[in-house]
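In: here you go, sequence then predicted model.
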Amino acid sequence: MMALGFLVIGLGILIAPLPGPGGVPVIALGLVLLLRNSWWAKRQFIRAQHARPKWVYPFRRLMRKKPEIAPVFWQQALRAEKVVLRKRPSRQLIRVRKRARRVLRRAFR
């Protein structure tokens, strides 16, 4: 399973330059596979958790028995938006955000 985890991470790195967020979920899936099967990776994960808790928290939520996929995705999308848009978001962006949230809620119910 460790080899499969490394393979999925490598695939995610290859997909990452393509348009869209395709590489990020694939890399996250590979990390989850690796963390569930490797003591070394778990130790590194704990070290990263102490150093950067905000970065590691989404992975912890995805590794639960019943992962919260939609809320994690939504939280990360809002964080990325905050980084990209330093100023206050426009009305049109707020409407798009509300529509996307409705679609995500329907899709993951």
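Out: Good, I have the coordinates. Residues are numbered from 1 along each chain as shown.

In: so what touches the helix or strand of the chain with the lowest mean pLDDT?
Out: When the helices and strands of the chain are scored by mean pLDDT, DSSP states H and E, helix 69-84 comes last with a mean of 75. With contacts defined as C-beta atoms under 8 Å, 6 or more residues apart in numbering, helix 69-84 is touched by 58, 61-62, 89, 93, 97, 100-101, 104-105, 107-108. Yep, even glycine has a C-beta here, placed from its N, CA and C like the rest.

In: among the residues you listed, which has the minimum pLDDT value?
Out: Note: of those, the lowest pLDDT belongs to Pro89, at 63.

In: buried ones in the helix or strand hosting Arg97?
Out: Here Arg97, judged by DSSP states H and E, is contained in helix 91-107. Within helix 91-107, the residues that count as buried by 16 or more other C-beta atoms under 10 Å are Leu104.

In: now it against helix 69-84, angle please.
Out: Interaxial angle of helix 91-107 relative to helix 69-84 (axes from the mean of the first three to the mean of the last three C-alpha atoms, to 10 degrees): 160 degrees.

In: so Pro21: helix, strand or coil?
Out: coil (DSSP: H, G, I helix; E, B strand; the rest coil).

In: so, low pLDDT: which residues of this protein?
Out: 85-89 (pLDDT under 70).

In: between the contacts of helix 69-84, which sits nearest Ala51?
Out: Nearest to Ala51 among those is Pro58, at 15.3 Å by C-beta to C-beta.

In: quick one: that closest one from Gly23, how far?
Out: 15 Å (C-beta to C-beta, to the nearest Å).

In: pretty sure Met63 contacts Leu34?
Out: No. Counting by C-beta atoms under 8 Å, Met63 stays clear of Leu34, with 10.8 Å between them.
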